[in-house]
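Colleague: Below are the sequence and a predicted model for it; my questions follow.
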Amino acid sequence: MSPSSKTVSRLPQATYQRVLAGQVAVVTGASSGIGKAVALGLAAAGASVVVNYASGSTAAEEVVDKIESSGGRAIAVLADVAKETEVQDLFRVAIKTFGTVHILVNNAGLQRDAALVDMTLDQWNTVLSVNLTGQFLCAREAAREFMRREVDRRISVAAGKIICISSVHEMIPWAGHANYAASKGGVVMLMKTMAQELAPLRIRVNSIAPGAIRTPINVGAWDTPQAYQNLLKLIPYKRIGEPEDIAQVAVWLASDASDYVNGTTLFVDGGMMLYPGFVDNG
Ligand code: BGC
């Protein structure tokens, strides 16, 4: 039987070693989807987590409650990552509450899809300002804090870690999504340039590039059996990704186990980057 959206089982509950004990993480866009799973994963690995959200405090508070009821520490903080003063306030609150920040997961992102000729400037600017400018603003505040504190080897051998959530569309062009693909293409060079610039300060910067992950952003790509079958044509591993697939990689990238990994994109995509269209063509 071929897999469908109904028959594919979700991943078993991930188990985490407490490799991030004593660390503080800011996760942007953490009230749903990949950001939520990453926040829960980092907390399960021992980090105190700042659950940033841009709207809808209830969902963010639920993430906080879940972390606290498992014995962790978390706060929800409202901030639009595209707004400089709100990002500065986000980090001010994080540092005031938990003392410092060791990990930034630059996750907040959105899509405003349109054919190129129909795309409004507002659709273009909204996507670029959240997905790219937002990553710059948050990374800048995080790097400032990492530089102020420097390395504390009892906590981590790095002064800080920045993880940019990118996409397979940092490489794969995507018709009808010029704004989104351009924003993720921008994330690659932002990430690599920050990594080159900050490495001597013992700050590591890497990206995770998810493929198709089961989240609200792409619900139309997986919520009917027909859509799911179509999606699987793009995924050699023949299952959609789950948010926990990304969370487990984020925990590793944030931990000292990946200390020599710097300036790289880790594709977590079930092989979407393998040009599956060439399996029986070309
Ligand atoms: C997009 C999803 C899409 C996936 C694979 C992601 O970056 O946000 O909507 O399903 O890439 O195309």
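Modeller: Looks like it came in fine. As the structure is a computational prediction, the values presented were derived from the model and not from experiment. Residues are numbered from 1 along each chain as shown.

Colleague: Strands along the stretch 101-250 of the chain, start to end?
Modeller: In the stretch 101-250 of the chain, the strands defined using DSSP state E, counting those that start in this stretch lie at 103-106, 160-165, 203-210.

Colleague: What mean pLDDT does the longest one get?
Modeller: In other words, strand 203-210. Regarding strand 203-210, the rounded mean pLDDT is 99.

Colleague: ditto for stretch 66-79
Modeller: Average pLDDT, stretch 66-79: 98.

Colleague: starting at the chain centroid, how far to that stretch?
Modeller: 18 Å (CA atoms, centre = their mean, to the nearest Å).

Colleague: near the ligand, which residues of the stretch 1-150 of the chain?
Modeller: residue 111 (CB under 6 Å from any ligand atom). Yep, even glycine has a C-beta here, placed from its N, CA and C like the rest.

Colleague: 8 Å instead, please
Modeller: 109, 111 (CB under 8 Å from any ligand atom).

Colleague: So, low pLDDT: which residues of the stretch 1-150 of the chain?
Modeller: 1-10, 12 (pLDDT under 70).

Colleague: Residue of it nearest the ligand, please.
Modeller: Here the stretch 1-150 of the chain gets closest to the ligand at one residue, residue 111, 5.8 Å apart by CB to the nearest ligand atom.

Colleague: Now do the contacts for the residue nearest to that residue when sequence neighbours are not counted.
Modeller: Residue nearest to residue 111 in three dimensions, not counting chain neighbours: residue 180, with 5.2 Å by CB to CB, 6 or more residues apart in numbering. Shown in contact with residue 180 (CB atoms under 8 Å, 6 or more residues apart in numbering): 111, 112, 113, 127, 131, 167, 169, 174.

Colleague: in stretch 70-86, what counts as buried?
Modeller: Across stretch 70-86, burial judged by 16 or more other CB atoms under 10 Å covers 72-83, 86.

Colleague: which among those gets closest to residue 197?
Modeller: Comparing those against residue 197 with CB to CB picks out residue 81 as the nearest, at 20.6 Å.

Colleague: which non-adjacent residue is nearest that closest one?
Modeller: Nearest to residue 81 is residue 134, by CB to CB, 6+ apart, at 3.2 Å.

Colleague: In helices only, show me the contacts of residue 180.
Modeller: residue 127 (DSSP state H).

Colleague: Can I get the buried ones among the contacts of residue 180 as something I can paste into PyMOL?
Modeller: Buried residues among the contacts of residue 180 (16+ other CB under 10 Å), as a PyMOL selection:
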select buried, resi 111+112+127+131+167+169+174
